[in-house]
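1. Sharing a model prediction with you, sequence too.
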2 protein chains.
Amino acid sequence: MLSNKSIIFKAVPDGYPVAGEHMELVTKEIDIENFSLADGDILVKNHYMSLDPYMRGKMRHSYVKYFTPAYEIGQVLDGLGTAIVVKSNNKKYQVGDYYIGLIGWEEYSHIPANVVSASFEILAKAISKSKVPESYFLGLLGMPGMSDYVVLNKIGQPKKGETIFITAASGAVGQVVGQIAKIKGLRVIGSAGDYSKIKYLEELKFDEAFNYKTCNTDEKLKELCPNGIDIYFDNVGGEILDIVLNHLNNFARVVACGMISQYNTNDHYGVKNIFQVIKKCLLIQGFIVTDHLQEIESFQKEKGECKLKYKEDIVEGIQNAPQAFVNIFTGKNFGKLIVKIC
Amino acid sequence: MLSNKSIIFKAVPDGYPVAGEHMELVTKEIDIENFSLADGDILVKNHYMSLDPYMRGKMRHSYVKYFTPAYEIGQVLDGLGTAIVVKSNNKKYQVGDYYIGLIGWEEYSHIPANVVSASFEILAKAISKSKVPESYFLGLLGMPGMSDYVVLNKIGQPKKGETIFITAASGAVGQVVGQIAKIKGLRVIGSAGDYSKIKYLEELKFDEAFNYKTCNTDEKLKELCPNGIDIYFDNVGGEILDIVLNHLNNFARVVACGMISQYNTNDHYGVKNIFQVIKKCLLIQGFIVTDHLQEIESFQKEKGECKLKYKEDIVEGIQNAPQAFVNIFTGKNFGKLIVKIC
């Protein structure tokens, strides 16, 4: 018998989630030797797990329908993780193989056959051959990085010489988007919420970066983007989106990647400048990265050929996952947030 | 010497434009025989002119940059019209030929070479061969109709069995979009602002139609679209857009055709549900129909093969154009608004 620390979804938060109140640590036991696996199932020992803002959207009542399923009260939370197979009833996975896919917020996870089949085999195989840290496969080399690559191209339609503005620019997505945009010959402007993040954006060779907490975004965009913005990579939504709409050029594209300012409130910000969609002939588009999985190989290839910097914020121990998750929404984390489970 | 009644742009309106105050009738004189035309220019006698909400966006100060150029104070207003050539220095046009393109809000217009070259020769040639009324080439068979066809397909991406909701559904664009959507096998719901318009939508075989002035749009959409909306063809923006965002299905498309509720105010409605773009993975897109002119022939062909109903609201005399234009914004017109000039 092994102990299996897990985080369960305890209650639906109304505003900001609170560790202990909405997410609770419980310690279960697991008997690997006698664990019974149905056909196609595997049992894994979890290594790293990604914490992302989208998870807040799953912390809702199940009768509210979105494209992501709601977390179930009393059940272990889940997310994307890397793991090692410790028992297998699936001929594609042997004990000792890497696994990347949905895992629980826990030390050991039972992965049913249908989840195994939706996992990222190509990525998992790449881990054992790779010299980069395993956790990068949950970020730069995994879904978030791919998300940057695919949607910057598909929705953003970047053209050399254009200007892109990125919010939460030092975050999991922003830092990669900014660097890819530089490679594509764009002028890259980023905003973030503290001095060390701005310094990091300068290291990444962003053309301009500013702290939205200490200056006026509208004034700053006027100053830094006198010829307007062609692509807005939106991670925050709300008031900043409203301001940016006024700075967009005709035919600009808004990549709606996240609206973190709106996830923990029911009193949503009213975006007044949405009429600019008509006046400036704009495109605003959301996306799901899993719709683009077929492009993962070309992405891996192109990504492998360029040298990108990449900052992670690694929290140790599954018991610290709830507070780390809460911190995302107050800007306390810096870089891609990863939980090192064991 | 002939008299040439014209409407000039007198002042930039702050809210709703007012006939006489922002648009003024002046009577000029024109001497056709001695009128001097530069190379490529033509002189036309105007027949019909289209009045459209987008014109309000051009009634602004010229320092406000949008993709459409601003009207110039003191100059004759312009719009899309049909006309007959009365003098020509352009080898493509003979006296007596039809012309479709930009004309002034006036009886006779001097069309400079660059405007002639941006005109719709294919449409103009089609008038003389056609049995349908000339004015239809400004609507059903012209730019607005084409706009419906192109953007419903390109942005809306309609799939058989889906549900489309259309606001201002009896208007120039809505009535055509609704009929095309029916042909494509969609369930079509429309709203409009009076009883006779709703009756007309029933004649057009809309599946459902309701008067947004006498019922609650949110309640009505709940009742009429229990399975949600897949395409929203938005002609009004503002509060209705906000409500509709809550009724959209995952991956729905918003064709941002117009936001007539927002054109005559600087106090724009704050759209709170724009975060649904992230949660439901939505697409919101504006467009300019002139970007799709290369498709005019295939459009004409497909349009010719089906029998669409089409309602026009024809106002006689250029002197009545300003008040007719103002009436668009209060829902007083019914169908495609056309001025019969002579």
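-> Everything's here; your move.

2. In the stretch 1-150 of chain A, where is pLDDT below threshold?
-> Scanning the stretch 1-150 of chain A with the threshold set as pLDDT under 70 gives A:143.

3. one more time with 90, if that's ok
-> Across the stretch 1-150 of chain A, the ranges flagged by pLDDT under 90 are A:1, A:54, A:62-69, A:117-133, A:136-150.

4. number of nearby residues for the residue in the stretch 201-342 of chain A positioned nearest to chain B?
-> As assessed by CB to the nearest CB, chain B sits closest to residue A:270 within the stretch 201-342 of chain A, at 1.9 Å. Heads up, the C-betas are built off the backbone N, CA and C, glycines and all. Residue A:270 has 17 neighbours, counted by other CB atoms under 10 Å in any protein chain shown.

5. That one: what's it in contact with?
-> B:242, B:269-272 (CB atoms under 8 Å, 6 or more residues apart in numbering or on different chains).

6. do residue A:241 as well
-> A:232, A:234, A:254, A:259, A:271, B:274.

7. now do 7 Å
-> Residues counted as contacts of residue A:241 (CB atoms under 7 Å, 6 or more residues apart in numbering or on different chains) are A:234, A:271.

8. quick one: the strands in chain A?
-> With strands called from DSSP state E, chain A shows them at A:2-9, A:23-30, A:42-50, A:78-88, A:98-104, A:108-111, A:163-166, A:187-192, A:208-211, A:229-234, A:248-256, A:283-285, A:312-316, A:336-340.

9. and among these, the most buried is which?
-> Greatest average neighbour count among these goes to strand A:163-166 (a mean of 28), per mean count of other CB atoms under 10 Å in any protein chain shown.

10. now for that one, which elements pack on it?
-> Applying 3 or more CB pairs under 7 Å, 6 or more residues apart in numbering or on different chains; DSSP states H and E, one finds that strand A:163-166 makes contact with helix A:174-183, strand A:187-192, strand A:229-234.

11. worst average pLDDT in those?
-> The stretch with the lowest mean pLDDT among these is helix A:174-183, at a mean of 92.

12. Would you mind listing what in chain A touches chain B?
-> A:57, A:66-67, A:237, A:250, A:256, A:258-259, A:262, A:268-275, A:277-288 (CB under 7 Å from any CB of the partner chain).

13. Just those: which are in helices?
-> When those are checked against helices (DSSP state H), the matches are A:57, A:277-279.

14. Out of those residues, which is nearest to residue B:14?
-> Checking those against residue B:14 by CB to CB gives residue A:279 as the nearest, at 16.8 Å.

15. tally of neighbours for the nearest residue to the closest one once chain neighbours are set aside?
-> Leaving aside its sequence neighbours, residue A:279 sits nearest to residue B:66 (CB to CB, 6 or more residues apart in numbering or on different chains; 4.9 Å). Using other CB under 10 Å, the number of residues around residue B:66 comes to 16.

16. my read: residue B:66 touches residue A:281, true?
-> No: if you go by CB atoms under 7 Å, residue B:66 and residue A:281 don't touch, sitting 8.8 Å apart.

17. Stretch A:313-326: which residues count as buried?
-> A:313, A:315, A:318-319, A:321-322, A:324-326 (16 or more other CB atoms under 10 Å in any protein chain shown).

18. Any regions of the stretch 201-342 of chain A where pLDDT drops low?
-> A:258, A:260, A:263-266, A:279, A:287-310, A:330-333, A:342.

19. how close does residue A:268 get to residue B:270?
-> Using CB to CB, to the nearest Å, residue A:268 is found at 9 Å from residue B:270.

20. Now for the residue nearest to residue A:140 when sequence neighbours are not counted: which residues touch it?
-> Using CB to CB, 6+ apart and skipping the chain neighbours, the partner closest in space to residue A:140 is residue A:310 (4.4 Å). By CB under 7 Å, 6+ apart, residue A:310 lies in contact with A:136, A:139-140, A:175.

21. Which one (most neighbours) among the residues you listed?
-> Among the contacts of residue A:310, the one with the most neighbours (other CB under 10 Å) is residue A:175, at 33 neighbours.

22. Count the neighbours of residue A:203 for me.
-> Counted with other CB under 10 Å, residue A:203 comes out at 13.

23. what's the spacing between it and residue A:174?
-> Counting by CB to CB, the gap from residue A:203 to residue A:174 is 14 Å.

24. again, but for residue A:76
-> From residue A:76 over to residue A:174 (counting by CB to CB), the distance is 30 Å.

25. neighbour-wise, which of those two wins?
-> The neighbour comparison of residue A:76 against residue A:174 (other CB under 10 Å) goes to residue A:174, with 26 against 19.

26. Any idea how many residues pack against the closest residue to residue A:177 other than its chain neighbours?
-> Spatial nearest neighbour of residue A:177, chain neighbours left out: residue A:148 (4.5 Å); criterion: CB to CB, 6+ apart. When neighbours are defined as other CB under 10 Å, residue A:148 has 30 of them.

27. Tell me who's in contact with residue A:148.
-> Residue A:148 neighbours (CB under 7 Å, 6+ apart): A:173, A:176-177, A:180.

28. Would you pull up the residue in the stretch 1-150 of chain A closest to chain B?
-> Taking CB to the nearest CB, the stretch 1-150 of chain A has residue A:67 as its residue nearest chain B, at 4.3 Å.

29. Show me what the residue nearest to residue A:106 when sequence neighbours are not counted bridges to in the sheet.
-> Residue nearest to residue A:106 in three dimensions, not counting chain neighbours: residue A:6, with 3.6 Å by CB to CB, 6+ apart. Counting by DSSP bridges, residue A:6 forms beta bridges with residue A:26, residue A:106.

30. which residue is nearest the centroid of chain A?
-> By CA atoms, centre = their mean, chain A has its centre lying nearest to residue A:52, at 4.6 Å.

31. domains for chain A, by residue range?
-> A:2-139+A:311-340, A:143-290 (automatic domain parsing).

32. How far away from the center of its chain is the last one?
-> This means domain A:143-290. From the chain centre to the centre of domain A:143-290 is a distance of 15 Å (CA atoms, centre = their mean, to the nearest Å).

33. same deal with stretch A:24-31?
-> For stretch A:24-31, the distance to the chain centre is 27 Å (CA atoms, centre = their mean).
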